[in-house]
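Engineer: coords please:
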Amino acid sequence: MATTEKKGVRTAAKSSSVSLDKKPKSSKMDNSEFRELFVEELKDIYWAEKHLVKALPKMKKAATSSELAAAFEKHAEETETHVATLDQVFMLLDEKARAKKCDAMEGLLKEAEHIIENTDAGTLVRDAGLILAAQKVEHYEIATYGTLVVFARTMGHSEVADLLQYTLANEKETDAALTEVAESFINEQAASE
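Structural biologist: Purely as a prediction, here's the structure:
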């Protein structure tokens, strides 16, 4: 596993055991509409990650259980790494790291705020709702990163694909961790409140 240091944040790229890299079919690939779509979607997820960094501390503060608060704190730190990884991806692609408003993430974060506003503080019903909101975010990120990995490999950008694959794996781990917290006690106790 290769790691790099950027502004005190470590990013890592896992090497795939099976190489799916393909060289671009033409020298025009880097000037293609497909590459343009890829870069636009990178800008979209960049905006999403930057705004998630701001939202996760609010979700942590609203959480009732210490387990959920700890999960949100851990993911906030990981999300900062995701932003740094995207900075590295933009650099590798010789693109300026710019965010483009992500309407999907904006909507998902508004849903989280709505859950906080419409549930009672100190209840596990609120925690169950926060987990629901957080998993919607994770599933959006998993879908996005999964596609971006394939796009990068298709264009022959194996180092970029490896970086994005590492983030994808982290998003899947976070989703599984949230499910574990929900199933350990939160959902059952929320149902009886």
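
Engineer: so how far is Ala191 from the residue nearest the centre of the chain?
Structural biologist: The residue lying closest to the centre of the chain (C-alpha atoms, centre = their mean) is Glu141, at 4.6 Å. Distance, Glu141 to Ala191, using C-beta to C-beta, to the nearest Å: 28 Å. The C-beta positions use only the backbone N, C-alpha and C, and glycine is treated the same way.

Engineer: all helices of this protein, in order?
Structural biologist: Taking DSSP state H as the test, the helices found in the chain are 33-62, 66-92, 103-117, 124-154, 158-181, 187-191.

Engineer: would you list those in a markdown table and tack on mean pLDDT?
Structural biologist: Shown next, in a markdown table, are the helices of the chain (pLDDT from 0 to 100):
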| stretch | mean pLDDT |
| --- | --- |
| helix 33-62 | 97 |
| helix 66-92 | 97 |
| helix 103-117 | 97 |
| helix 124-154 | 98 |
| helix 158-181 | 97 |
| helix 187-191 | 96 |
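
Engineer: hmm, the residue nearest to the centre of the chain is touching Glu171, no?
Structural biologist: Yes. Using C-beta atoms under 8 Å, Glu141 makes contact with Glu171 at a distance of 4.6 Å.

Engineer: quick one, what contacts the nearest residue to Phe151 once chain neighbours are set aside?
Structural biologist: Distance criterion C-beta to C-beta, 6 or more residues apart in numbering; nearest residue to Phe151, sequence neighbours excluded, is Phe38 at 4.6 Å. Contacts for Phe38 were tallied using C-beta atoms under 8 Å, 6 or more residues apart in numbering; they are Leu148, Phe151, Ala152, Met155.

Engineer: then Glu138?
Structural biologist: Here Glu138 is in contact with Glu171, Lys172, Thr174, Asp175, Leu178 (C-beta under 8 Å, 6+ apart).

Engineer: out of those, the closest to Thr123 would be?
Structural biologist: Within these, proximity to Thr123 (C-beta to C-beta) peaks at Leu178, which comes in at 17.7 Å.

Engineer: count the residues that sit near Glu80.
Structural biologist: 18 (other C-beta atoms under 10 Å).

Engineer: how far away is it from Ala55?
Structural biologist: Distance, Glu80 to Ala55, using C-beta to C-beta: 13 Å.

Engineer: related to what we said a few turns ago, I'd like the contacts of Glu138 as TSV, with neighbour count appended.
Structural biologist: Below are the contacts of Glu138 laid out as TSV (neighbours: other C-beta atoms under 10 Å):
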residue	neighbour count
Glu171	23
Lys172	16
Thr174	22
Asp175	17
Leu178	22
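
Engineer: now, which of these sits nearest Lys96?
Structural biologist: Distances from Lys96 to those, taken by C-beta to C-beta, are shortest for Glu171, at 24.5 Å.

Engineer: my read: that closest one touches Gly146, true?
Structural biologist: No. Checked against C-beta under 8 Å, the pair Glu171 and Gly146 is beyond contact range at 9.0 Å.

Engineer: state the pLDDT value of Ser32.
Structural biologist: Here the pLDDT value assigned to Ser32 is 89.
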